[in-house]
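In: what follows is a predicted structure for the sequence shown.
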Amino acid sequence: MASGQPRRRSIYVCQRCEAQTPRWLGRCPECGEWNSLLETAEPRPETAGPVVTNGANPIPVALGEIVLQDRPRIKTSIDELDRVLGGGIVNGSVVLLGGDPGIGKSTLALQVAAALPIQNQQILYVSGEESTGQILMRARRTASSAANILALSETSLDRLLPQVKQIQPGLLIVDSIQAVYLESLSSAAGSTSQVRECAMALLRLAKECLIPTLIIGHVTKEGAIAGPRALEHIVDVVLYLEGERFHSYRLLRGVKNRFGSTNEVGVFEMLGDGLKEVENPSHVFLAERPAGAVGSTVAVTVEGTRPMLVEVQALATYSPLAIPRRTVNGADVNRVQLVTAVLTKRVGLALANQDIYVNIVGGLHVDEPAADLAVALAIASSFRDRPVAGDLVAIGEIGLAGELRRVSHMDRRLTEASKLGFSRCILPKGAISGSSAPANLELLPCGTLVEALEAAWRIP
Ligand code: TYD
Ligand code: MG
């Protein structure tokens with residue numbers, strides 16, 4: 001046998017459940033997935049160990065004696081993004097920007113690169129998916145100033161890392177983590193092991209050279225697993241860009257943030273010239289509302305800590321089907337079914353032979369139970385063919401007994417409703433003490449869904 005460095009053995013890692021086997025098998029012994037084992041170099045022992053800083057072993061420190069140093073943040077000049085980041089990108093941190101393909105991640109990253117006010121330092125935009133020409137075309141389209149941006153089309157991290165060390169960019173953007181690879185691993189780019197090892201390598205680089213890094217990751221469709229989820233525990237901040245394919249609104253949501261809260265969302269609109277910040281989402285979501293139309297109500301939802309008013313539309317029509325349709329867009333189907341069942345049983349609406357369609361206008365997805373009441377009012381309004389007042393908002397969760405239940409952030413919701421010119425609000429009894437409600441909003445507290453409907457019909 002040859003002497004010297006021991007050869008690194010290969011192991012086979014399931015791309016679904018990450019089980020390891022010493023040899024290749026057609027089917028994973030753990031999760032039963034077929035053809036999911038990929039050859040991977042066995043990790044070097046030293047990479048698996050705990051983090052050791054500068055050779056000195058960390059010692060325990062009394063929490064009370066630690067002097068907090070504020071880590072400098074770089075404001076991105078995109079307020080909606082800074083809000084989600086908690087005030088800007090922390091130096092040396094790694095931010096993962098995930099989302100469906102085509103949702104606008106590259107666009108946002110490029111806009112960040114163009115807007116970032118860094119002096120004397122360049123921003124390195126590495127794309128493994130597009131040529132430098134394509135990056136320039138996108139920059140032109142979004143009218144971004146490309147002066148500070150260095151573009152690089154590269155997929156090999158082994159070639160990239162030394163370049164980054166040399167350039168010392170003020171921000172490194174890697175688009176996307178699924179497109180880059182390390183030569184030491186034999187599995188293909190985009191596999192779980194590549195994605196994870198590449199992210200680790202970028203993380204080490206970020207911490208070592210204090211380069212803030214933005215990694216883009218595609219959320220892969222079911223079945224392929226090497227998506228951003230596999231990286232959430234490695235990186236410092238995880239943001240997801242969400243939205244409906246055929247709508248122009250995008251929500252930027254913080255899922256994890258080691259340097260701030262995850263309760264914030266940013267709202268953008270995808271236009272012909274890039275993503276535009278939406279400062280007042282409620283205005284936008286209600287812009288086309290036919291106030292006082294049959295089957296249309298307004299719900300107040302809270303995304304993170306941010307209240308937003310959205311229009312709920314419902315249509316109930318006679319169904320020739322044995323099992324009538326329940327078609328829901330932008331809300332949770334199960335909640336709509338629950339609301340329908342309560343309307344049938346507790347209010348006595350004969351919905352059993354009705355097709356019911358519910359739509360949240362604008363492409364927002366509202367899962368919150370707080371929207372139950374607005375959904376119920378919209379369905380009842382369509383079924384009875386009777387409009388609900390245009391200046392009314394409805395807030396409340398509906399219980400199976402037909403009772404209205406309280407929801408969180410009530411004062412914030414009411415303030416937003418009043419700010420947007422609504423003058424009445426149906427809400428659960430006892431949800432708020434009279435003093436903290438906005439003065440120009442008439443509160444109509446109701447204990448049950450039946451009462452709420454009566455209150456809504458009473459308004460002329
Ligand atoms: P992109 O940023 O490439 O998405 P991702 O990186 O998440 O895959 O953007 C994809 C879509 O956005 C594409 O279908 C075109 C559209 N788009 C606009 O509508 N306006 C623009 O200014 C740009 C750059 C893209
Ligand atoms: Mg892209």
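Out: Cool, the structure landed. Ligands and ions are numbered 1, 2, ... in the order given.

In: report the helix or strand with the lowest average pLDDT across this protein.
Out: helix 45-48 (a mean of 46; mean pLDDT, DSSP states H and E).

In: next structured bit after that helix?
Out: strand 73-74 (DSSP states H and E).

In: pull out the buried positions in the helix or strand following that next one.
Out: Using DSSP H and E, the helix or strand that follows strand 73-74 in sequence is helix 79-85. Neighbour-count burial for helix 79-85, with 16 or more other Cβ atoms under 10 Å as criterion, is recorded at 80-85. Quick note: C-beta positions are derived from backbone N, CA and C, even for glycine.

In: what is the nearest of the residues you listed to V342?
Out: Distance to V342, by Cβ to Cβ, is smallest for V84 among these, at 35.6 Å.

In: so who does A417 touch?
Out: Contact analysis of A417 by Cβ atoms under 8 Å, 6 or more residues apart in numbering lists 298, 300, 309, 393, 425, 438, 441.

In: now do the SS call for it.
Out: Look at A417: counting by DSSP: H, G, I helix; E, B strand; the rest coil, its state is helix.

In: beta partners of the closest residue to ligand 1 within the stretch 201-350 of the chain?
Out: As assessed by Cβ to the nearest ligand atom, ligand 1 sits closest to G274 within the stretch 201-350 of the chain, at 4.1 Å. Bridge pairing for G274 (DSSP bridges) gives the partners L271.

In: list the contacts for it?
Out: Counted by Cβ under 8 Å, 6+ apart, G274 has contacts 107, 110-111, 141-144.

In: and the helices in the stretch 101-250 of the chain?
Out: 105-115, 132-141, 157-167, 192-209 (DSSP state H, counting those that start in this stretch).

In: mind naming the longest strand for the protein?
Out: Counting by DSSP state E, the longest strand found in the chain is strand 306-318.

In: what mean pLDDT does that strand get?
Out: For strand 306-318, mean pLDDT rounds to 94.

In: show me what counts as buried in that strand.
Out: 306-316.

In: against which helices or strands is the next helix or strand after it packed?
Out: Using DSSP H and E, the helix or strand that follows strand 306-318 towards the C-terminus is strand 326-329. The helices and strands touching strand 326-329, judged by 3 or more Cβ pairs under 8 Å, 6 or more residues apart in numbering; DSSP states H and E, are helix 333-342, strand 354-360.

In: so which of the ones you listed is nearest I398?
Out: helix 333-342 (5.5 Å).

In: how far out from the middle of the chain is the closest one?
Out: 25 Å (Cα atoms, centre = their mean, to the nearest Å).

In: residues in contact with it?
Out: Under Cβ under 8 Å, 6+ apart, the answer for helix 333-342 is 326, 328, 351, 356, 358, 367, 369, 371-372, 375-376, 379, 398-400, 402, 449.

In: which stretches of the stretch 151-300 of the chain have low pLDDT?
Out: Scanning the stretch 151-300 of the chain for pLDDT under 70 picks out the ranges 221-226.

In: hmm, 80 instead?
Out: Residues of the stretch 151-300 of the chain that meet the criterion pLDDT under 80 lie in 186, 220-230, 244-246, 262-263, 291.

In: enumerate the residues of it near ligand 1.
Out: 270, 272-274 (Cβ under 6 Å from any ligand atom).

In: derive a PyMOL selection command for the buried subset of those.
Out: Of these, the buried ones go into a single PyMOL selection, burial set by 16+ other Cβ under 10 Å:
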select buried, resi 270+274
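
In: take the residues of the stretch 151-300 of the chain next to ligand 1 and lay them out in TSV including distance to S156.
Out: Output for those, formatted as TSV (distance: Cβ to Cβ, whole Å):
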residue	distance to S156
M270	32
G272	34
D273	33
G274	29
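
In: among the residues of the stretch 151-300 of the chain next to ligand 1, which two are most distant?
Out: So, those by Cβ to Cβ: farthest apart are M270 and D273, at 9.8 Å.

In: in strands, which of the contacts of helix 333-342 appear?
Out: Those of the contacts of helix 333-342 lying in strands (DSSP E): 326, 328, 356, 358, 398.

In: okay if I get the residues you listed as a markdown table plus pLDDT?
Out: Shown next, in a markdown table, are the ones in strands among the contacts of helix 333-342 (pLDDT from 0 to 100):
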| residue | pLDDT |
| --- | --- |
| R326 | 95 |
| V328 | 96 |
| I356 | 97 |
| V358 | 97 |
| I398 | 97 |
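
In: ok, of those, which come out buried?
Out: 326, 328, 356, 358, 398.

In: need these in CSV with distance to I123, can you?
Out: Converted to CSV, those look like this (distance: Cβ to Cβ, whole Å):
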residue, distance to I123
R326, 48
V328, 42
I356, 50
V358, 44
I398, 50
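
In: of the residues you listed, closest to L63?
Out: Distances from L63 to these, taken by Cβ to Cβ, are shortest for I398, at 44.9 Å.

In: I figured the closest one hits L449, correct?
Out: Yes - contact criterion Cβ atoms under 8 Å: I398 and L449 qualify, at 5.7 Å.

In: give the residues shared as contacts by those two.
Out: Common neighbours of I398 and L449 (Cβ under 8 Å, 6+ apart) are 342, 373, 376, 404.

In: export the residues you listed to TSV and append columns for pLDDT.
Out: Output for the shared contacts of I398 and L449, formatted as TSV (pLDDT from 0 to 100):
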residue	pLDDT
V342	97
L373	97
A376	97
L404	96
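
In: helices - which of these land there?
Out: Using DSSP state H, the members of those that fall in helices are 342, 373, 376.
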